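>>> no sequence on this one, just coordinates:
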């Protein structure tokens, strides 16, 4: 039986957690402002990340970096279930070391590590239990510390680093002017690229076109507004969607739940 359960943890810096049981609807390509760290409880999931398809079976960890484009679909017969959380880079830093940038880059999309899988399973169970803030935070820090210890950092060539910096500038401009009617010409001129080269580099770096990136971040803004009690109809119009149904369709494609389900959980 299909079932989705979403929870929002104020005592963990606004950590979002999603439990999907036998979800038959595929998630199209999208991203999240936070990391995706998931545990496959049973069955299997297939997903796109880093230009390739990956398969994650029972007890596998799925790792997707913040703002990294991905999709997700069921990849087995019978029931498939997974639990995922979305810690932001800021949450990594706040929990682990406030004075240093500890938010990692996960080079591996799927991790087979029984010890880490057991820790993540225990963490998810704890997050669903009426335990103290201290216990939740302690388990969270222990898991993230052990997870980060098994990852490396990506080293970029000077040329790739330069392109990434220029695309990062365009991304920042889009985010700073999220509700403006920005043209492709303006964005390309901003970082001194032709329109064709800009779109190609932008999609290569983010997995999204500039317009899809804009929609994604409007959805992120909408989530914040819903958390602060704004009505769904007001949010839909304020973040630039045509109507309630247009907003709900994009929201569910991104989160796997409706705006109303998200609002009630928060």
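Received, thanks. In this text, all values refer to a predicted model and were calculated from it rather than measured experimentally.
>>> How about the contacts made by residue 150?
Residues counted as contacts of residue 150 (C-beta atoms under 8 Å, 6 or more residues apart in numbering) are 111, 113, 116. Backbone N, C-alpha and C define where each C-beta goes, glycine included.
>>> remind me which residues of this protein are low pLDDT?
1-2, 22, 95-103, 151-161 (pLDDT under 70).
>>> Go again with 50.
98, 154-157 (pLDDT under 50).
>>> about what we covered before: which ones among the contacts of residue 150 map onto strands?
Among the contacts of residue 150, DSSP state E puts residue 111 in strands.
>>> Can I get the contacts of residue 150 in a markdown table including distance to residue 10?
Converted to a markdown table, those look like this (distance: C-beta to C-beta, whole Å):
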| residue | distance to residue 10 |
| --- | --- |
| 111 | 29 |
| 113 | 30 |
| 116 | 26 |
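>>> what helix or strand is residue 251 on?
Per DSSP states H and E: residue 251 is located in helix 244-255.
>>> name the helices or strands packed onto that helix?
Applying 3 or more C-beta pairs under 8 Å, 6 or more residues apart in numbering; DSSP states H and E, one finds that helix 244-255 contacts strand 27-30, helix 210-227, helix 232-238, helix 259-265.
>>> switch to 6 Å and redo it
helix 232-238 (3 or more C-beta pairs under 6 Å, 6 or more residues apart in numbering; DSSP states H and E).
>>> Sort out which residues of the helix it packs on are buried, please.
232, 235-236 (16 or more other C-beta atoms under 10 Å).
>>> and which of those is nearest residue 37?
Nearest to residue 37 out of the buried residues of helix 232-238 is residue 235 (C-beta to C-beta; 27.1 Å).
>>> Distance-wise, check the closest one relative to residue 31.
Counting by C-beta to C-beta, to the nearest Å, the gap from residue 235 to residue 31 is 20 Å.
>>> Repeat that for residue 219.
The value you get for residue 219 to residue 31, if C-beta to C-beta is used, is 10 Å.
>>> same thing with residue 129?
30 Å.
>>> before we move on, what about residue 77?
Remark: distance between residue 77 and residue 31 (C-beta to C-beta) = 29 Å.
>>> Those two: which has the busier surroundings?
The neighbour count for residue 77 versus residue 31, taken as other C-beta atoms under 10 Å, is higher for residue 31 (22 against 8).
>>> I figured that one was touching residue 66, is that so?
No: using C-beta atoms under 6 Å as the test, residue 31 is too far from residue 66 to be in contact (8.0 Å).
>>> what about residue 74, how many neighbours?
Residue 74 has 20 neighbours, counted by other C-beta under 10 Å.
>>> For it, what are phi and psi?
phi -70, psi 140 (degrees, to the nearest 10).
>>> Apart from its chain neighbours, what residue comes closest to it?
In this structure, residue 74 finds its nearest non-sequential neighbour in residue 80, 4.9 Å apart by C-beta to C-beta, 6 or more residues apart in numbering.
>>> Let me know whether the one you found touches residue 72 as I believe.
No: judged on C-beta under 6 Å, residue 80 makes no contact with residue 72 at a distance of 10.6 Å.
>>> More neighbours: these two, which one.
Shown here are residue 80 and residue 72; by other C-beta under 10 Å, residue 72 has more neighbours (26 against 22).
>>> Can you tell me the SS state at the more buried one?
Recorded secondary structure, residue 72: strand (DSSP: H, G, I helix; E, B strand; the rest coil).
>>> Give the bridge partners for it, please.
Beta-bridge partners recorded for residue 72 (DSSP bridges): residue 27.
>>> you'd agree it is up against residue 47?
Yes: counting by C-beta under 6 Å, residue 72 touches residue 47, with 4.6 Å between them.
>>> need the contacts of residue 150 in JSON lines with neighbour count and distance to residue 18, can you?
Listed next are the contacts of residue 150 as JSON lines, based on neighbours: other C-beta atoms under 10 Å; distance: C-beta to C-beta, whole Å:
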{"residue": "111", "neighbour count": "18", "distance to residue 18": "19"}
{"residue": "113", "neighbour count": "16", "distance to residue 18": "22"}
{"residue": "116", "neighbour count": "19", "distance to residue 18": "19"}
